[in-house]
Every structure is written in C-alpha cells, then in structure tokens.
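K.L.:
generate coordinates for the sequence data below:
(one chain, ligands or ions: 1)
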Amino acid sequence: MLMFLILSNFTYTYLHGIQKEENGHSPLYSIWKVYRLSKKRRKMHMYAGTMKNVVALIGSAATSSANHIVIEYIRSEARDIFQVTVYDRLKTLPHFNPEKSLEHAPSEITELRNLIQDADGVIISTPEYVFSIPSGLKNVIEWCVATTVFSEKPLGIITASTSGLKGHEELKLIMHTLMANFTSETTLLIQGVKGKIDAHGAIIDIQTRENLQRFTKALFTLICNRAL
Ligand SMILES: Cc1cc2nc3c(=O)[nH]c(=O)nc-3n(C[C@H](O)[C@H](O)[C@H](O)COP(=O)(O)O)c2cc1C
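P.N.:
Below is the predicted model of the structure:
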C-alpha cells in the first residue's frame, strides 16, 4: 500500500509539477485521508461519490398534481446525487389479481417491479384520499406484496395532501410490513400542500423547501449506508 501511495504521488508530481487539487491538497493527502477511514466508512465514502438511481412513485390520480411538483422539486434540488425516474402511471395498471401475482404477472407489473428492484432507493409521494392512501397506490403495493422488491429498500415516504394524517400513518405501517428501510427523517407529511405552491408550480413555503432538502439528504445517507 505504501509503495502504491509513493508511486501515485510520484507519477502525479512528475506529470503535473507541483500543481495542487482544488482544495489545496496533493492527491497523496486525499488517498491517505480515505485510507485512514475505517473500512465501513471507506466503502461509504467511495459509494457516496456515485449518482444514486431513485424511482419516484406518485400516488395522485390527477394530471396536475401537487405531489408531482414535490417530486420535481426533489429531482431538481438533488440532480447532483439522484437520477430520478418518475413513475406516475399507477392508475393505468391492471387491478391486483392474486392468481397472477407470481406467475403470469402482467408485463407492466413486471416492469415496475424490476424498476423498483434495480433502484438504489424509492420515494413514494402521495395525497390522502378519503382518509386512506389512493387506490392506485394500494393496488401497486398489493402487486408487490408477494415479492421482495421492497425488502430492505431505502425508502422515502411523502404525504402531500390537505390533511394527510391518516394516509401517512397507514403508508408507514404498510411499508414497514413490506420490510422497506425508512426512518423518521425519510418520512415527511406536507399538510395544506396546495397553499404552499404558487400558480406557476413553484413551492413558495420556505419551511416546506427546507424540509424537502433535509428529507433528500436523509434518503441519500440511508442509501449510502445500505451499500455497506
Ligand atoms: C377523491 C378525493 C378524496 C380526498 N380525500 C382527502 C382526505 O381524506 N384527506 C386529505 O387530506 N385530502 C383529501 N383530498 C384532497 C387531496 O389531498 C388534495 O387535493 C391533494 O392536493 C391532492 O394531491 P395531488 O394534487 O397530488 O393530486 C381528497 C381528494 C380527492 C380527489
């Protein structure tokens, strides 16, 4: 290892003279710093440097949706760390059929399951409908219940609704049952959401923007920790 460090520093110095990195340290210093971290933190440090592939499921059945705006905000704010794939077609999926759940599952369901399976993390952003989660969202969860696609999957849960209290608790219970991996920092209830968005679709409530930034950071950390 020592030989490697000496050689890399020598090569760098030879090729670039005494030029330093942006932070003012030589590459030898950077390599040494990473090496000194514990094995676990070293892995996380390296994994954290790569973009995370996140699938966002939007529970709203509406075309013009506040939950869509919330996800777009996260997508834009986190563009350096998350590659977000938005899935907003829940209402077009076939109704759950237990006889087709494992064998002969419809192709759209298999595709969505694969999308979730392959993702580093998932965000569910949904309104509450009649004191519960929307039927389209419940439907897709039912299609996934006999699989392990959500098991240990780093998950963010956002309920953006008028009140949303019951739907939020219900969704947490459901996703806990499916063994998804979420914490209180990766769950967020946004009440009175429509009053927090202006006519151009911008989130105008500062507290909500800060909460979403905190949420995003927490999900990123959860994903990085999971890779250890
Ligand atoms: C069928 C229906 C039922 C609703 N029931 C509730 C409810 O029980 N609790 C609540 O907080 N909001 C309820 N709402 C209001 C939605 O939460 C609100 O319109 C929300 O902004 C919708 O999210 P979206 O803009 O992403 O579609 C209901 C809306 C609809 C269309």
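K.L.:
which residue, neighbours along the chain excluded, lies closest to residue 140?
P.N.:
Spatially, and ignoring its direct neighbours in sequence, residue 140 is nearest to residue 90 (5.5 Å; C-beta to C-beta, 6 or more residues apart in numbering). All C-beta spots, glycine's among them, are computed from the backbone N, C-alpha and C.
K.L.:
ranges for the strands of this structure?
P.N.:
With strands called from DSSP state E, the chain shows them at 52-58, 82-87, 121-126, 155-161, 187-191.
K.L.:
for this structure, what lies in contact range of the ligand?
P.N.:
Proximity of the chain to the ligand (C-beta under 6 Å from any ligand atom) is limited to residues 60, 62, 65-67, 127-131, 161-164, 193-194.
K.L.:
angle of the helix ranked longest in the chain against strand 155-161?
P.N.:
Ranked by number of residues, the top helix in the chain under DSSP state H is helix 206-226. Put simply, helix 206-226 runs at 160 degrees to strand 155-161, going by axes from the mean of the first three to the mean of the last three C-alpha atoms, to 10 degrees.
K.L.:
domain parsing of the protein, as residue ranges.
P.N.:
2-36, 50-226 (automatic domain parsing).
K.L.:
most packed of those?
P.N.:
domain 50-226 (a mean of 17; mean count of other C-beta atoms under 10 Å).
K.L.:
so how far is that one from its chain's centroid?
P.N.:
Averaging C-alpha positions (C-alpha atoms, centre = their mean, to the nearest Å) puts domain 50-226 8 Å from its chain's average.
K.L.:
measure residue 101 to the ligand for me?
P.N.:
27 Å (C-beta to the nearest ligand atom, to the nearest Å).
K.L.:
cool, residue 153 as well?
P.N.:
From residue 153 to the ligand the distance is 23 Å (C-beta to the nearest ligand atom).
K.L.:
which stretches of this protein have low pLDDT?
P.N.:
The chain contains residues with pLDDT under 70 at 1-46, 227-228.
K.L.:
how does it look with 50?
P.N.:
Applying pLDDT under 50 to the chain picks out residues 1-2, 5-6, 8-23.
K.L.:
returning to that earlier point: can I get the strands of the chain in JSON lines with distance to residue 74?
P.N.:
JSON lines is the format used below for the strands of the chain (distance: least, C-beta to C-beta, whole Å):
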{"stretch": "strand 52-58", "distance to residue 74": "7"}
{"stretch": "strand 82-87", "distance to residue 74": "7"}
{"stretch": "strand 121-126", "distance to residue 74": "7"}
{"stretch": "strand 155-161", "distance to residue 74": "8"}
{"stretch": "strand 187-191", "distance to residue 74": "10"}
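K.L.:
relative to residue 179, which of the ones you listed is closest?
P.N.:
strand 155-161 (10.1 Å; C-beta to C-beta).
K.L.:
contacts for the closest one?
P.N.:
Outside strand 155-161, the residues that touch it by C-beta atoms under 8 Å, 6 or more residues apart in numbering are 66-67, 70, 121-128, 167-168, 171-172, 175, 180-182, 186-191, 193, 215-216, 218-219.
K.L.:
parallel or antiparallel, list what pairs with that strand.
P.N.:
Strand 155-161 has its sheet partners listed here by DSSP bridges as strand 121-126 (parallel), strand 187-191 (parallel).
K.L.:
fine, thanks again, bye for now.
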